[in-house]
Each structure stands twice: as structure tokens, then as C-alpha cells.
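Enquirer: here are the coordinates; sequence isn't available:
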């Protein structure tokens, strides 16, 4: 029954999805922004302990509940750890009312044809089985588009939907994330190509094979509205992609039906040195601003 309730929450509840899935490569930067310099830890194990402590502090804050945050994306190591004595995914759903997702990609391949495909994901089936056992609802995987290259964008989207099919076969909902780099000169052209390729893949999906999409905030407001309205799409969420939180919120509020799935923009302003009162107040204001932008459209 919980998956039915979770699906209904993701499909129709007001709010946004928190991205707490910084991986090994992005963890040092995330910690620096949190006020933890690299000389504060020794080696990868301590680094991951510190980022987990940050995530657990966020997840246990009074501001972090299903009233405004309908889901959260976790890093694999976070899924395997505990929060307040419970496995992380179980804690999020049972104690916070937040639907848990898992980042499953293993990073990006080198750029070819204007894009970065996903690296192979070895043992994906085994990971998905573990995710199911731990109460995960869905998954997320990221590719990157660096140019309006038709063949490259076609390949990225095809790979995303191919792996998404494997995830659907395991009873999990894939978040398909072909990110468009915000700084490229032909961003709008790349987004037009991306829209066409995603729509073609969605149109080919049979009934009952529903996916989610995580997309860069577009140059043209409501460009992705046809995807928001597509019967095979559970929800369309937006990544902040390097925009400041204020700009990301402003852009998001102009896109009807899209909701946030921010990472860096969510943790902006939080610091390890803050008192719990200051930390919770900062997070509460951030959550409210992202929530407001998510429901504004």
C-alpha cells in the first residue's frame, strides 16, 4: 500500500523534491559550501561521514517534512546508512512523510558529439533489488548536454529511456535527467531538440510504464508543458543547474506544473557552525521559497 500512497503523493501533492545525492566527486565542494574545509577530514571515509551528518541534520530538521517536501533523492551510501536509528529511506517515509529516491548512475563518460552519456552501470539489477528491499520508491540518473547536437541529444535520451526500462522492470519509477548546461550559447536550441526526443520516447511507452523527468529550467517558459501533461509522466521536476536559488526560483515560477528538485540551491546558506535554531530557521526559509516557486506556476 505504501507505494500506492507514495505514487499519489509524487503525482499530485504540492511541494518539491530535495536532492541530497551529492556523489564522491561533488562531495568536497558541497562540504566547503557547508563550511567544512578539506583539512577538516582525513580520507574518503571521514568525508562521507561528514556529508552524511549534513544530510541527516537536514532530514531531521522540523522544516523537512512531507508538507512541503514530497520526495528526496539519496546517494547510495546514504541509503545504506541510518538516520535517527532507522535506515535512511525508512526514516524519510515513516518519520518525515518524504518519498525516497536513489541516485543510480555511476557518473558521466567523456564528452562526445556535444554530450556526456552515462557511464555503464554494472550490477544495476542487484542495486535495484537492494533499493526495493530498503523501501526506495524510484531512482535518478543524470546525463549532460553541452551543445545543440541532434545526434548526441538523441543518443542521450535513448540511453536514459533504455536504462529507465530496466528500472521499471524492477517496479521502481525512474527519474530521467538529461541536463542541459546553463552556460551554453545554444541552450534554447538544445532544449527544443531535447523536447522532441523525450516526447518521441514517451509516446512509445505502453500504459502503466510511467516515468519522471528532471530537466534544466528552460529558456522559454512552459516549453516542457507538453511533457508535464503527458499521460506517461508522473511528474516533471527542475534542477537548479548552477543558477542561484533566487534565479532558479524565479525561472521555476514561470513554468506551470514543474516543481523543484534542487541540490546546491537547497543547501545554500546552511553551515556546519550554525546553531540548531539558526540552521532550522535558514532551512525553513529556503524550503518555503522553493515551495512557493514550485506551486506558483
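Expert: Arrived safely. All figures in this text were calculated on a predicted structure; none of them were measured in a lab.

Enquirer: can you give me the helices in the stretch 101-250 of the chain?
Expert: With DSSP state H, counting those that start in this stretch applied, the stretch 101-250 of the chain shows helices at 124-133, 150-169, 187-203, 225-228, 245-252, listed in chain order.

Enquirer: who touches stretch 218-237?
Expert: With contacts defined as C-beta atoms under 8 Å, 6 or more residues apart in numbering, stretch 218-237 is touched by 7, 10-11, 16-17, 173, 175, 187-188, 191-192, 195, 198-199, 202, 205, 207, 209-215, 251, 254-261. From N, CA and C alone the C-beta is placed, and that goes for glycine too.

Enquirer: chain center to that stretch, what's the gap?
Expert: Between the mean C-alpha location of stretch 218-237 and the chain-wide mean there is a distance of 16 Å, by C-alpha atoms, centre = their mean, to the nearest Å.

Enquirer: For it, what does the pLDDT average out to?
Expert: Across stretch 218-237, pLDDT averages out at 98.

Enquirer: What residues sit buried inside it?
Expert: When burial is assessed from 16 or more other C-beta atoms under 10 Å, stretch 218-237 yields the following buried residues: 218, 221, 223-225, 227-228, 230, 232-237.

Enquirer: List just the nearest of these to residue 33.
Expert: For the buried residues of stretch 218-237, the minimum distance to residue 33 (C-beta to C-beta) is 21.6 Å, reached by residue 237.

Enquirer: Show me what the closest one is bridged to.
Expert: Note on residue 237: beta-bridge partners by DSSP bridges are residue 214, residue 259.

Enquirer: which element is residue 100 on?
Expert: strand 99-103 (DSSP states H and E).

Enquirer: Quick one: list the elements packing against that strand.
Expert: helix 2-12, strand 69-74, helix 76-79, helix 88-96, strand 138-145 (3 or more C-beta pairs under 8 Å, 6 or more residues apart in numbering; DSSP states H and E).

Enquirer: What strands flank whatever helix or strand comes next after the longest one, and is each parallel or antiparallel?
Expert: Using DSSP H and E, the helix or strand that follows helix 2-12 towards the C-terminus is strand 16-20. Applying DSSP bridges to the sheet, strand 16-20 is found paired with strand 69-74 (parallel).

Enquirer: which outside residues touch the partner strand?
Expert: For strand 69-74, contacts defined as C-beta under 8 Å, 6+ apart pick out 9-10, 13-21, 55, 59, 88-89, 92, 96, 98-103, 136-138, 140, 175, 259, 261, 287, 291.

Enquirer: now swap in stretch 193-203 and tell me
Expert: By C-beta under 8 Å, 6+ apart, the residues outside stretch 193-203 that reach it are 145, 148, 150, 153-154, 157-158, 161, 176, 178, 180, 211, 213, 215, 223-224, 226-227, 230, 232-233.

Enquirer: If we go by neighbour counts, what in that stretch is buried?
Expert: 193-195, 197-198, 201-202.

Enquirer: what does stretch 77-90 give?
Expert: Across stretch 77-90, burial judged by 16+ other C-beta under 10 Å covers 77-79, 81, 83, 87-89.

Enquirer: repeat for stretch 176-193
Expert: By neighbour count, with 16+ other C-beta under 10 Å as the criterion, the buried positions of stretch 176-193 are 176-182, 187, 189-193.

Enquirer: Please look at residue 174 and residue 162 and confirm they touch.
Expert: No: using C-beta atoms under 8 Å, residue 174 makes no contact with residue 162, being 10.6 Å away.

Enquirer: Who has more neighbours out of these two?
Expert: residue 174 (26 against 10; other C-beta atoms under 10 Å).

Enquirer: could the buried residues of stretch 77-90 go into TSV alongside pLDDT?
Expert: Below are these laid out as TSV (pLDDT from 0 to 100):
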residue	pLDDT
77	92
78	94
79	96
81	96
83	96
87	97
88	97
89	97
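
Enquirer: out of these, which one sits closest to residue 30?
Expert: Among the buried residues of stretch 77-90, residue 78 lies closest to residue 30 (C-beta to C-beta), at 12.4 Å.

Enquirer: List the single closest residue to the closest one in space, sequence neighbours excluded.
Expert: Taking C-beta to C-beta, 6 or more residues apart in numbering, and ignoring the residues beside it in sequence, residue 78 has residue 88 as its nearest neighbour in space, at 5.3 Å.
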